[in-house]
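Undergrad: pasted the sequence and its predicted model underneath.
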Amino acid sequence: MNKLFAAALLAAAVSTPAAAADIKVLSAGAIEPGLAAFAQIAKRETGHELKIQFNTAPQIAKRLAAGESYDLLFSPPPAIAQAVKDGKVVAGSAVPVGRVGGGIIVRAGATPPEVATVEAFRQALLAADSVVYNTASTGLYLDKLFADMGILEQLKPKSTRYPDGASVMEHVIKGKGNEIGFGAITEIRMYEAKGLKLVGPLPAAVQNYTSYEAALMTGATAVEPAQAVLRLLATPAGKAAFVSGGVE
């Protein structure tokens, strides 16, 4: 009888899936549409639910420096590498997620500028009444680009800066006149139905892609579920989810 009972317990253990877990995730905001799509697949395939907090790269750095801990971190490779050095991310655990390019925006109904070439883009910026972009990774790149194009100082008096992309989108939607804004294409897509128009990506010659990775944090409390999610991320289904959200 004892042997039968033990065998029954073993069979039950084998057939019963691991308990579903809540996985705490800290992520860069630019990949939000892709990560949201992936979270649905993760829930369906693993039973685990991703509890996600989105922030800009500077805000993520501040959170980690303050000692906050999560199960998974989604961030650009340099930030992941720094977190590994700081002992906050498990070395060798990073999985590639994809990359996001920058886009040019105007409010819905506004006449879109010609931006197909670098020179046309330059002239559009000089002719604009105002220019709106963030102070995060996209904005840092644009500052360098505008400086390389020799127009940074001319644009500064008519530039409005925000700490995050969402504030840029809201500003442009409510704006007036000949105003040009910038943001990650994935983020722009989320605001198109709210009154925003994607004019197009930055000209190919000056396009800037930000890559993203996901990694296990050393302070993770749901280690095995988080590892299962990382494995799923590397599958064709996982990659497809991010592509559906505009992450290349």
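TA: It's in.

Undergrad: next SSE after the longest strand anywhere in the chain?
TA: As assigned by DSSP state E, the longest strand anywhere in the chain is strand 95-107. Per DSSP states H and E, the first helix or strand lying C-terminal to strand 95-107 is helix 118-127.

Undergrad: can I take it that residue 93 is in a helix?
TA: No. Read with DSSP: H, G, I helix; E, B strand; the rest coil, residue 93 is coil and lies in no helix.

Undergrad: thinking again about what came up before, which helices and strands does the longest strand of the chain pack with?
TA: Packing contacts for strand 95-107, counted by 3 or more Cβ pairs under 8 Å, 6 or more residues apart in numbering; DSSP states H and E, involve helix 137-148, helix 165-174, strand 179-184, helix 185-189, strand 196-201, strand 209-216, helix 223-233, helix 236-244. Just so you know, the C-beta spots here come from the backbone N, C-alpha and C atoms, and that holds for glycine as well.

Undergrad: check contacts around the closest residue to residue 41 other than its chain neighbours.
TA: In this structure, residue 41 finds its nearest non-sequential neighbour in residue 241, 5.1 Å apart by Cβ to Cβ, 6 or more residues apart in numbering. Taking Cβ atoms under 8 Å, 6 or more residues apart in numbering, we find residue 241 in contact with 34, 37-38, 40-41.

Undergrad: can you tell me who the residue lying closest to residue 234 once chain neighbours are set aside pairs with across the strands?
TA: Nearest residue to residue 234, sequence neighbours excluded (Cβ to Cβ, 6+ apart): residue 95, at 5.4 Å. When assigned by DSSP bridges, residue 95 has beta-bridge partners residue 214.

Undergrad: still on that earlier bit, tell me which of the helices and strands packed on strand 95-107 sits nearest to residue 131.
TA: Nearest to residue 131, of all the helices and strands packed on strand 95-107, is strand 179-184, at 5.5 Å by Cβ to Cβ.

Undergrad: pull the distance from that closest one to the chain's centre.
TA: Centroid separation between strand 179-184 and its chain, computed with Cα atoms, centre = their mean, to the nearest Å, is 17 Å.

Undergrad: got it, and stretch 57-73?
TA: On Cα atoms, centre = their mean, the centre of stretch 57-73 falls 15 Å from that of its chain.

Undergrad: that stretch: which residues count as buried?
TA: 57, 59-61, 63-64, 70-73 (16 or more other Cβ atoms under 10 Å).

Undergrad: among those, which two are most distant?
TA: 57 and 71, at 19.4 Å, using Cβ to Cβ across those.

Undergrad: now that residue 246 has come up, it's in contact with residue 36, right?
TA: No. Counting by Cβ atoms under 8 Å, residue 246 stays clear of residue 36, with 11.2 Å between them.
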